[in-house]
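**Q** Let's see this in three dimensions:
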Amino acid sequence: MEAILAFFETYRPLKSLVLAIIIVIVGRWLSRVLSRLIARAMTAAQIEQTVINFITHITSIAVMVFAILAALARLGLETTSILAVLGAAGLAIGLALQGSLSNLAAGFLIIIFRPFKQGDFIEAGGAQGTVQEIQMLTTIVHTPENLRQIVPNSDILGGVITNFSANETGSI
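**A** Numbers count the residues shown, from 1 in each chain. Reported below is the predicted structural model:
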């Protein structure tokens, strides 16, 4: 053991490289474990599977970015400039995907507040029919004319939602 420590004291850059690799490996393991724990907790809380997949994926990416930044810092690289570039890139991507992010936020709201569910007959966003699937960016509606309409979620939340299946027939 002393020989290994003496070797690493002699070759400090190698020591930093080994520690950086260990940080990335531990970060990867931690991202997997944390994602599984979050998925189990959200499944137990009966949260929509689409939301579970999205949150676990974002969590995994965030933990890995943190681990990589910690490994780069261990190697002696300046991480503030990397964070500045990541922030600018995030802003540029956010502006470029503004419409998609609006649909994504609307998808979350539809899943959380449940103004309708799969199988309901609705009129929303210029479409009328039976909801086949609620996705993160769009909702797929099967019309009475046997058409499949894919409606952006922001269009659905931007107007009136009429859910014909919400109440029992004949109730006032």
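**Q** Show me how the record splits the protein into domains.
**A** Domain segmentation of the chain under the TED database yields 1-77, 101-165.
**Q** Counting neighbours, which bits of the strand or helix carrying M64 end up buried?
**A** If you go by DSSP states H and E, M64 is part of helix 49-74. Residues of helix 49-74 classed as buried by neighbour count (16 or more other Cβ atoms under 10 Å): 52, 54, 56, 59-60, 63-64, 67-72, 74. Backbone N, C-alpha and C define where each C-beta goes, glycine included.
**Q** Mind checking what helix or strand follows the lengthiest strand in the chain in sequence?
**A** With secondary structure taken from DSSP state E, the chain has its longest strand at strand 127-134. For strand 127-134, the following helix or strand on the C-terminal side (DSSP H and E) is strand 138-142.
**Q** could you give the angle of that next one to strand 127-134?
**A** Interaxial angle, strand 138-142 versus strand 127-134 (axes from the mean of the first three to the mean of the last three Cα atoms, to 10 degrees): 120 degrees.
**Q** Going along the chain, name the helices of the chain.
**A** Using DSSP state H, the helices found in the chain span residues 2-10, 12-44, 49-74, 79-96, 98-113, 153-157.
**Q** Which one, of the ones you listed, ends up nearest to I134?
**A** I134 lies closest to helix 98-113 among those, at 5.9 Å (Cβ to Cβ).
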